[in-house]
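Participant: Need coordinates for the below:
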Amino acid sequence: LAYSFLRGHTDLVVLPESTYDLILFEDKWYVPGGITPALLSLPFVLLFGKTFSDVLFGVLVGAANAALMYSLLCKLVENSSTRIWLTALFAFGTVHWWLSSMGSVWFNAQVAALLFMILYARDVIQNKPWLAGLWLGLAFLARPPTIFSALFYLLVVVLRERAIQPILKKMIPFGMMLAASVAVMLGYNQLRFGDPLDFGYSYVRGSN
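Facilitator: Below you'll find the model as predicted:
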């Protein structure tokens, strides 16, 4: 998909060996899900071509997630050894390590979404509405259900501010960034399927 983006296409200009789990719509093939993994892959594909390993991509993002999780824990946990143990438990005691090593479209979308969800949580805590909206928007463009995490930001802001004016002052930039990402996803759907609300899952090869 990143290779196709570099050539101005939303459909796949080169097909993989297997088309299972891809979308076939009006004689064109598409990748299901969001675009964030492809966007993150652009510099690698630009340098190394379409054969750049999606397994390596997942491993790199997964390693970044572990480092970012430690960074997030630095904002939440005072004891350094506790931060190290919690980071280790996240990296090796959950399915994250397995997802990061598989190289699947679906799993790479998961680890990419997690990358931006960690950044989102960090900047919510640090009271940075523009960045929080950007990160959640990129997580949404990887896995759309993450948009429901906007309620976390709203809850934090309401508990901190309690008055309408400062709440709106923080919600507006956050909402603008998130709305921009939603607009990108709707536009992407429109370009592919002629309907902004059609995510294409019903056309996935092998889904029936």
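Participant: mind checking the longest helix of this protein?
Facilitator: When the chain is scanned for its longest helix (criterion: DSSP state H), the result is helix 164-193.
Participant: who does that one touch, helix- and strand-wise?
Facilitator: When contacts are defined as 3 or more C-beta pairs under 8 Å, 6 or more residues apart in numbering; DSSP states H and E, helix 164-193 packs onto strand 23-25, helix 129-140, helix 150-161. The way it works is simple: take the backbone N, C-alpha and C, and place the C-beta from them, glycine included.
Participant: which residues sit against the last one?
Facilitator: Counting by C-beta atoms under 8 Å, 6 or more residues apart in numbering, helix 150-161 makes contact with 120-121, 124-125, 127, 129, 132, 136, 167, 170-171, 174, 178, all of which sit outside it.
Participant: Next: the second one.
Facilitator: The set of residues external to helix 129-140 that reach it, using C-beta under 8 Å, 6+ apart, is 34, 36, 113-117, 119-120, 123-124, 146-147, 149-150, 153, 170-171, 173-178, 180-182, 184-185.
Participant: Need the distance between the two termini of stretch 16-26.
Facilitator: Distances were taken as C-alpha to C-alpha, to the nearest Å; on that basis the terminal residues of stretch 16-26 are 18 Å apart.
Participant: Residues contacting that stretch, please?
Facilitator: Contacts with stretch 16-26, where a contact means C-beta under 8 Å, 6+ apart, come from 12, 15, 29-32, 105-106, 192-193, 200, 203-206.
Participant: before we move on, back to that, please name whichever of the helices and strands packed on helix 164-193 is nearest to Gly49.
Facilitator: Nearest to Gly49, of all the helices and strands packed on helix 164-193, is strand 23-25, at 23.4 Å by C-beta to C-beta.
Participant: Flag every buried residue along the closest one.
Facilitator: The neighbour-count check on strand 23-25 (16 or more other C-beta atoms under 10 Å) flags 23, 25 as buried.
Participant: circling back: among the contacts of stretch 16-26, which ones are in strands?
Facilitator: For the contacts of stretch 16-26, membership in strands holds for 29-30, with DSSP state E as the criterion.
Participant: Looking at the contacts of stretch 16-26, which is nearest Ala88?
Facilitator: Distances from Ala88 to the contacts of stretch 16-26, taken as C-beta to C-beta, are shortest for Trp106 (25.7 Å).
Participant: Can you get me a residue count around the residue nearest to that closest one when sequence neighbours are not counted?
Facilitator: The shortest distance from Trp106 to any residue that is not its chain neighbour, by C-beta to C-beta, 6 or more residues apart in numbering, is 6.8 Å, and that residue is Gly33. Gly33 sits with 26 neighbouring residues when counted by other C-beta atoms under 10 Å.
Participant: ditto for the one 5 residues further on
Facilitator: Counted by other C-beta under 10 Å, the residues lying close to Ala38 total 23.
Participant: which residues touch it?
Facilitator: Taking C-beta under 8 Å, 6+ apart as the test, what Ala38 contacts is 1-2, 5, 31.
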